[in-house]
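S.K.: got a predicted model here, sequence first, then my questions.
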Amino acid sequence: MLERKGVYVATALLVAAVTVAVLLLMQNIATRKAEGEQVVFRIVDLDETTIDPAQWGKNFPRQYDGYRRTVDVERTRHGGSEAFQRLDADPRWRVLFRGYPFGVDYREERGHAYMLSDQDMTERVREFRQPGACLQCHSSVVPTYRDAGRKAGVPDGQPFEQLMKGFEAVCAMPYADARKLVSYPVACVDCHDPGSMHLRVTRPGFLIGIRDLARSETPAPHLPSVERWRRGSRASEYDPNTMASRQEMRSFVCGQCHVEYYFRGPGKLLTYPWSHGIRAEQIEAYYDEAGFKDWTHPDTGAPVLKAQHPEFEMWSQGIHARSGVACADCHMPYMREGAIKISDHHVRSPLLNVSRACLSCHPYPEAEMRSRAEAIQDRTQALLVRAEEATLALIGEIQKARQAGSSEEELKAARDLHRKAEWRLDFVAAENSMGFHAPQEAARILAEAIDYARQGEVAALRAARLPPVAPPSR
């Protein structure tokens with residue numbers, strides 16, 4: 001009897017323990033679900049004037065923690081955020097950029113948190129006159145644009161017109177004067193609506209550029225909303241903030257600044273040259289039509305172009321863009337903190353974060369994915385060096401032809417080819433993926449650079465009335 005009673009007691013205790021455990025588990029699950037829904041802490045009110053990212057960090061501490069880590073100095077084999085002097089790492093560029101500010105100071109860019117301070121430090125700003133246009137991408141400048149628009153007489157009831165008018169005014173200012181109007185590098189308000197947190201495009205240069213691209217009729221299969229707009233009634237201009245999908249916006253917010261641009265006209269209006277398309281030769285055609293040059297190379301007299309950082313343009317030609325993969329998928333991959341799933345705001349190279357940036361789509365070992373990417377970059381760099389050498393050889397032959405007394409007319413063909421070769425060489429060199437964003441496109445562009453450079457050598461030899469160099473015997 002006592003034994004049976006003991007069994008009953010033990011059973012009752014076991015059932016009670018299991019019940020308590022189940023209740024605790026259910027409570028834990030409920031807590032984690034509630035935690036997963038608590039993605040924002042309403043501590044401060046945010047609006048269009050809240051440009052300090054630390055204020056946004058009070059409501060979004062997880063994202064702000066990632067943003068602050070963009071000060072980390074991290075390096076991959078072909079890039080990263082270490083501010084070394086590229087002119088020392090590859091002295092060929094001192095000759096290629098001779099006569100231009102980049103021939104004086106050409107440093108590797110660092111993380112987003114350094115965007116404004118790095119601009120202040122560069123000799124390109126300290127020793128040369130630069131316009132306020134630079135601040136579109138180096139600072140949290142939208143409130144400054146709006147204030148400038150108000151001062152120009154555009155009322156608050158016309159926000160787009162006010163933004164554009166202020167943009168024009170700030171672009172035309174000397175950099176030193178415009179710099180006094182901003183305090184922070186790119187921040188949360190530049191990519192997120194402070195009320196809804198939706199992604200948005202705020203940079204006037206991109207808003208105008210993407211409209212020019214939409215009107216260009218250049219096929220853009222990687223931009224579905226642009227293609228839909230082209231097939232539609234076109235009752236209004238293409239507007240990414242109302243017409244683009246969320247996935248497209250995860251590239252557009254990056255494409256606001258990671259692009260090719262130039263300063264147009266006496267007002268130095270920052271302009272994206274996309275009205276003919278966004279491939280290297282289409283942008284070149286735009287510049288040729290506009291009669292634009294960045295500078296005249298002192299060794300050759302050629303009207304040369306300087307590429308900026310055409311990541312958006314190069315990405316658009318690659319397999320990831322064609323597959324619907326956005327910039328943020330690789331550079332800001334999703335991550336979990338407890339029960340929360342967020343986008344990693346520690347923006348950096350995917351090669352520093354292969355497990356989350358690559359393996360969510362590619363079912364291969366991390367080491368293999370890294371080696372695949374580095375193989376592409378190694379091959380691109382090898383081709384890049386050959387293009388550099390070919391362009392330097394062209395510069396040398398034009399110098400000899402000038403010394404031999406060749407006329408301006410005789411040298412025109414060689415100079416035109418110098419412009420073409422250096423533009424293509426720099427388009428790949430200035431693009432910060434070392435060919436990875438679009439390997440075949442990068443190789444095509446560099447092959448054209450080499451071809452134009454060698455054609456230019458022959459043209460220079462003809463101008464100097466010298467016999468062409470015989471090809472090596474096999």
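M.R.: Ah, there it is. Numbers count the residues shown, from 1 in each chain.
S.K.: which regions of the stretch 101-250 of the chain lie under the pLDDT threshold?
M.R.: Counting by pLDDT under 70, the stretch 101-250 of the chain contains no low-confidence residues.
S.K.: now the helices for it?
M.R.: 115-121, 123-126, 135-138, 142-151, 159-172, 175-179, 204-215, 224-231, 240-243, 246-255 (DSSP state H, counting those that start in this stretch).
S.K.: how close does the residue nearest the centre of the chain get to Trp229?
M.R.: Centrality entry for the chain: nearest residue to the mean C-alpha point is His258, 2.2 Å, by Cα atoms, centre = their mean. With the distance defined as Cβ to Cβ, to the nearest Å, His258 ends up 23 Å from Trp229. Just so you know, the C-beta spots here come from the backbone N, C-alpha and C atoms, and that holds for glycine as well.
S.K.: include distance to Leu25 when you put the helices of the stretch 101-250 of the chain into JSON lines, please.
M.R.: Formatted as JSON lines, the helices of the stretch 101-250 of the chain follow (distance: least, Cβ to Cβ, whole Å):
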{"stretch": "helix 115-121", "distance to Leu25": "47"}
{"stretch": "helix 123-126", "distance to Leu25": "60"}
{"stretch": "helix 135-138", "distance to Leu25": "50"}
{"stretch": "helix 142-151", "distance to Leu25": "48"}
{"stretch": "helix 159-172", "distance to Leu25": "51"}
{"stretch": "helix 175-179", "distance to Leu25": "57"}
{"stretch": "helix 204-215", "distance to Leu25": "49"}
{"stretch": "helix 224-231", "distance to Leu25": "44"}
{"stretch": "helix 240-243", "distance to Leu25": "45"}
{"stretch": "helix 246-255", "distance to Leu25": "35"}
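S.K.: compare those helices and report which one is nearest to Ala21.
M.R.: Closest approach to Ala21 among the helices of the stretch 101-250 of the chain (Cβ to Cβ): helix 246-255, 41.2 Å.
S.K.: who's in contact with the closest one?
M.R.: Helix 246-255 is touched from outside by 190-191, 199-201, 206, 210, 223-225, 240, 244, 311-312, 315, 321, 324, 326-329, 331, with contacts defined as Cβ atoms under 8 Å, 6 or more residues apart in numbering.
S.K.: filter those down to the buried ones.
M.R.: Neighbour counting over the contacts of helix 246-255 (16 or more other Cβ atoms under 10 Å) leaves 190-191, 199-201, 206, 210, 223, 225, 240, 244, 311-312, 315, 321, 326-329, 331 as the buried ones.
S.K.: okay, now Val141: neighbour count?
M.R.: 28 (other Cβ atoms under 10 Å).
S.K.: and it, what is it in contact with?
M.R.: 135, 170, 181-182.
S.K.: can you name the two of these that sit furthest apart?
M.R.: Val170 and Val182, at 9.1 Å, using Cβ to Cβ across those.
S.K.: between those two, what contacts are shared?
M.R.: In contact with both Val170 and Val182: 135, 141, 144, using Cβ under 8 Å, 6+ apart.
S.K.: how about the last one, what does it touch?
M.R.: Which is Thr144. Counting by Cβ under 8 Å, 6+ apart, the residues that Thr144 touches are 135, 166, 170, 178, 181-182.
S.K.: sort out which one of those lies nearest Gly267 for me.
M.R.: Val170 (10.4 Å).
S.K.: for the longest helix along the chain, buried residues please.
M.R.: Using DSSP state H to define each element, the chain has its longest helix at helix 366-403. Residues 369-370, 373-374, 376-377, 380-381, 383-384, 386-388, 390-395, 397-398, 401-402 are the ones in helix 366-403 that count as buried (16+ other Cβ under 10 Å).
S.K.: cool, and stretch 410-428?
M.R.: By neighbour count with 16+ other Cβ under 10 Å, stretch 410-428 contains the buried residues 410-411, 413-428.
S.K.: please apply the same query to stretch 258-274.
M.R.: 258-263, 268-274.
S.K.: a markdown table for those, including secondary structure and pLDDT?
M.R.: Below are the buried residues of stretch 258-274 laid out as a markdown table (DSSP: H, G, I helix; E, B strand; the rest coil; pLDDT from 0 to 100):
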| residue | secondary structure | pLDDT |
| --- | --- | --- |
| His258 | coil | 96 |
| Val259 | coil | 97 |
| Glu260 | coil | 97 |
| Tyr261 | coil | 97 |
| Tyr262 | strand | 97 |
| Phe263 | strand | 96 |
| Lys268 | coil | 96 |
| Leu269 | strand | 97 |
| Leu270 | strand | 97 |
| Thr271 | strand | 97 |
| Tyr272 | coil | 98 |
| Pro273 | coil | 98 |
| Trp274 | coil | 97 |
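S.K.: using TSV, please lay out those together with distance to Thr11.
M.R.: Output for the buried residues of stretch 258-274, formatted as TSV (distance: Cβ to Cβ, whole Å):
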residue	distance to Thr11
His258	67
Val259	72
Glu260	76
Tyr261	77
Tyr262	82
Phe263	83
Lys268	85
Leu269	83
Leu270	78
Thr271	81
Tyr272	75
Pro273	80
Trp274	76
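S.K.: which two of the residues you listed have the greatest separation?
M.R.: His258 and Lys268 (20.4 Å).
S.K.: just to revisit the earlier point, and His437, which of the helices of the stretch 101-250 of the chain is closest to it?
M.R.: Of those, nearest to His437 by Cβ to Cβ is helix 246-255, at 11.4 Å.
S.K.: tilt between that closest one and helix 224-231?
M.R.: 100 degrees (axes from the mean of the first three to the mean of the last three Cα atoms, to 10 degrees).
S.K.: show me how far helix 246-255 is from its chain's centre.
M.R.: 11 Å (Cα atoms, centre = their mean, to the nearest Å).
S.K.: in that helix, what's buried?
M.R.: Buried-residue list, helix 246-255, by 16+ other Cβ under 10 Å: 247-255.
S.K.: for stretch 341-354, same thing?
M.R.: For stretch 341-354, burial by neighbour count (16+ other Cβ under 10 Å) applies to 343-351, 353-354.
S.K.: just stretch 182-191 next, same as before
M.R.: For stretch 182-191, by 16+ other Cβ under 10 Å, it's 182, 184-191.
S.K.: what is the nearest of the residues you listed to Ile450?
M.R.: Val186 (36.1 Å).
S.K.: who's in contact with that closest one?
M.R.: Applying Cβ under 8 Å, 6+ apart, the residues near Val186 are 112, 115, 137-140, 257.
S.K.: how about TSV for these, with neighbour count and distance to Cys358 added?
M.R.: Below are the contacts of Val186 laid out as TSV (neighbours: other Cβ atoms under 10 Å; distance: Cβ to Cβ, whole Å):
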residue	neighbour count	distance to Cys358
His112	21	22
Met115	21	26
Cys137	23	27
His138	21	30
Ser139	24	32
Ser140	23	31
Cys257	21	24
